Every structure is written in structure tokens, then in C-alpha cells.
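Novice: this one's sequence-less:
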């Protein structure tokens, strides 16, 4: 296992795994200190993890949970954040990648992912509407565990 893989995937994956298990086993908690500078720091961490390991929303999702927000407010912040981070990542990749490798604009493989993404988004919205806040919190923590496992293994 290379040192780069450990730093960019195994360590954050282990954190997500441990955090998800810990949050499922204890009752919900709310952070007492909610200074705006912490919001900026968490957004920065989300940007770093988005570019380095491909999961920009993990830090923001965890932070929204610590703020004690309901599921609708969490989604209202996390969804646009992840969308903007992914769009910025695609733009950066297309700017850095040599134009001769794929021509101008986005690669065809990038465009082929969009229908599946839209379908899965519709399924996710259907589930979201049917969940209570408690069920949503459990689902988020279970998905953090799955995400952590996918980065560790």
C-alpha cells in the first residue's frame, strides 16, 4: 500500500467508518460552538477532500449533523455544495487534461454518466421524502460507514 493511498483514502475512510459507527451507537448531539469561521473551515476541508479523494460532501454532511439541523435544511446546504464542488472538479480536470487527449469540451464518458446520475437522484428524492429526521440521520450515518469502507478496502 503506497503512502499516497494511505493519506488520501485510508485515513479519511477510517474516519468516516468510525464516525458513522460512533454516531449510530450514541444519541444525537449538537455542537455548542457554531462560529461562522468553523463553517468556512469545514467548507475548506470539503473542498480538499473533494479534490483529493472524491468525497466533497462528507465533512459538510457531518458538520450539518452536529449543528442539529433537520433533514431539509441539511439537504438545502449539502446538495448545492456537492454539486458546485463536482462541477468545479470537472472543470479543473478538463482544464488540466491535454486537449489533444479528448478534443474540446467534456469527454463522452463524462456525458454518459449523466442519465444514470439523474435516475439515481430521482430515486434518492423519493426515499428522502419518506424518511423522518431520525431515519434520515441513521441513513446518513449508514452511508458514511459504506463510504468509509469503500475507501479503506
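Specialist: Thanks, I have the structure now. What you are looking at is a predicted structure, and each value in this text was computed from that prediction instead of being measured.
Novice: I'd like to know which helix or strand in this structure has the lowest mean pLDDT.
Specialist: Ranked by mean pLDDT, DSSP states H and E, the weakest helix or strand in the chain is helix 99-102, scoring a mean of 56.
Novice: where does residue 84 sit relative to residue 44, distance-wise?
Specialist: Here the criterion is CB to CB, to the nearest Å. By it, residue 84 lies 14 Å from residue 44. The C-beta positions use only the backbone N, C-alpha and C, and glycine is treated the same way.
Novice: ugh, wrong one, residue 38
Specialist: In terms of CB to CB, residue 38 sits 10 Å off from residue 44.
Novice: what about those two, which has more around it?
Specialist: Applying other CB atoms under 10 Å to residue 38 and residue 44 shows that residue 38 carries more neighbours, namely 14 against 11.
Novice: residues contacting the more buried one?
Specialist: Applying CB atoms under 8 Å, 6 or more residues apart in numbering, we find residue 38 in contact with residue 63.
Novice: Would you mark the buried spots in the helix or strand encompassing it?
Specialist: Secondary structure assigned from DSSP states H and E places residue 38 in helix 36-53. By 16 or more other CB atoms under 10 Å, the buried positions in helix 36-53 come out as 42, 43, 45, 46, 47, 49, 50, 53.
Novice: ok, residues contacting stretch 48-64?
Specialist: 8-9, 12, 16, 19, 38-39, 42-43, 45-47, 73-74, 77-78, 81-82, 85-86, 89, 92, 140, 144, 147, 151.
Novice: List only buried entries from those residues.
Specialist: 8-9, 12, 16, 19, 42-43, 45-47, 74, 77-78, 81-82, 85, 140, 144, 147, 151.
Novice: Just the ones in helices from those residues, please.
Specialist: 12, 16, 19, 42-43, 45-47, 74, 77-78, 81-82, 85, 140, 144, 147, 151 (DSSP state H).
Novice: tell me the angle of the helix or strand hosting residue 58 relative to helix 36-53?
Specialist: Using DSSP H and E, residue 58 sits within helix 57-67. Per axes from the mean of the first three to the mean of the last three CA atoms, to 10 degrees, the angle that helix 57-67 makes with helix 36-53 is 150 degrees.
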